[in-house]
Each structure stands twice: as C-alpha cells, then as structure tokens.
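S.K.: how would this look folded up:
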Amino acid sequence: MAPLALEWREEQFLHVLEKVIGEAEFVQNNPSAGKIPREELVARHVLDELRPYTTENGGPLSVQTYEHVQGRTNLIVTYPGTTDKTIALVGMHMDVVPADP
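M.R.: Numbers count the residues shown, from 1 in each chain. Here you go, the predicted structure:
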C-alpha cells in the first residue's frame with residue numbers, strides 16, 4: 001500500500017481549527033458547574049477531514065468511533081504498516097478544563 005501523500009495546507013488547517021475552537025463552549029469538562037463535555041462535536045469535524053482517506057473511500061485509514069459514555073466520543077484511527085506490530089500511539093483530548101476554576 002502506498003503511503004499517504006500529505007502536504008501542509010495552512011488555509012484548510014486554520015478552517016478546521018476554527019470549527020474545533022467553535023465547539024469550545026460544548027466540550028468544557030467541569031461537572032461541578034454542570035458542564036459535561038460533548039466530544040462527539042469535535043470528533044465529527046475530525047471525521048469529516050479524515051473521511052476521504054478512509055478504507056470506505058479507497059484510502060488506507062481504518063477509522064472507528066467508540067463511546068464509553070454517550071457523547072464522549074473517542075476515535076481510533078489505524079494506518080496499516082508493513083508488519084503486525086504497533087509502532088506508534090498518539091493520544092489527544094477533545095475536552096477542555098477551566099483554566100481558572
């Protein structure tokens with residue numbers, strides 16, 4: 001399988017970043033203040049960007065969603081290599097916590 005041909009597209013990156021920042025109000029994680037994050041909102045934007053590269057669309061990426069709690073979506077993205085070994089794991093948070101509780 002050929003590797004993905006990726007290039008830096010600043011304008012597109014900033015457009016996606018703007019969408020994600022636009023969800024900040026809804027991904028705050030502060031249960032004592034009644035704020036339960038809805039990571040599915042951010043996951044939707046990430047999935048929209050990855051969709052052209054998924055196996056369903058002829059690309060190499062296998063993308064799965066997982067929700068242990070409704071609305072707290074996790075994404076599992078697999079980019080197959082040439083062996084059956086895992087060579088990288090990248091984790092990130094799609095929720096935010098208050099900077100000044």
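S.K.: what about Asp48, neighbour count?
M.R.: Neighbourhood size, Asp48 [other Cβ atoms under 10 Å]: 11. C-beta: built from backbone N, CA, C; applies to glycine.
S.K.: Arg38 too?
M.R.: Residues near Arg38, counting by other Cβ under 10 Å, number 19.
S.K.: surely it meets Gly71?
M.R.: Yes - at 4.5 Å, Arg38 counts as touching Gly71 under the criterion of Cβ atoms under 8 Å.
S.K.: and stretch 8-19, average pLDDT?
M.R.: Summarised as a single mean, pLDDT over stretch 8-19 is 90.
S.K.: what's the answer for stretch 30-41, then?
M.R.: On average, stretch 30-41 scores 90.
S.K.: now what about that stretch, what contacts it?
M.R.: Residues from elsewhere that reach stretch 30-41, judged by Cβ atoms under 8 Å, 6 or more residues apart in numbering: 23, 26-29, 67, 71-74, 94-98, 101.
S.K.: try 10 Å this time
M.R.: Stretch 30-41 is contacted by residues 19-20, 22-29, 46-47, 65, 67, 69-75, 93-98, 101 when judged by Cβ atoms under 10 Å, 6 or more residues apart in numbering.
S.K.: same question, stretch 48-63
M.R.: Identification of contacts with stretch 48-63 by Cβ under 10 Å, 6+ apart yields 1-4, 6, 12-13, 15-16, 19, 43, 46-47, 75-81.
S.K.: sorry, back to before: give the ChimeraX command for selecting the buried subset of the contacts of stretch 30-41.
M.R.: The ChimeraX command for the buried members of the contacts of stretch 30-41 (criterion: 16 or more other Cβ atoms under 10 Å) is given here:
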select :19,23,26,27,28,29,46,47,72,73,75,94,95,96
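S.K.: so which of the contacts of stretch 30-41 are in helices?
M.R.: Here DSSP state H is the test, and the contacts of stretch 30-41 give Lys19, Val20, Val46, Leu47 as lying in helices.
S.K.: identify the residues contacting the second one.
M.R.: With contacts taken as Cβ under 10 Å, 6+ apart, Val20 has the following neighbours: Val27, Leu41, Val42, His45, Val46, Met94.
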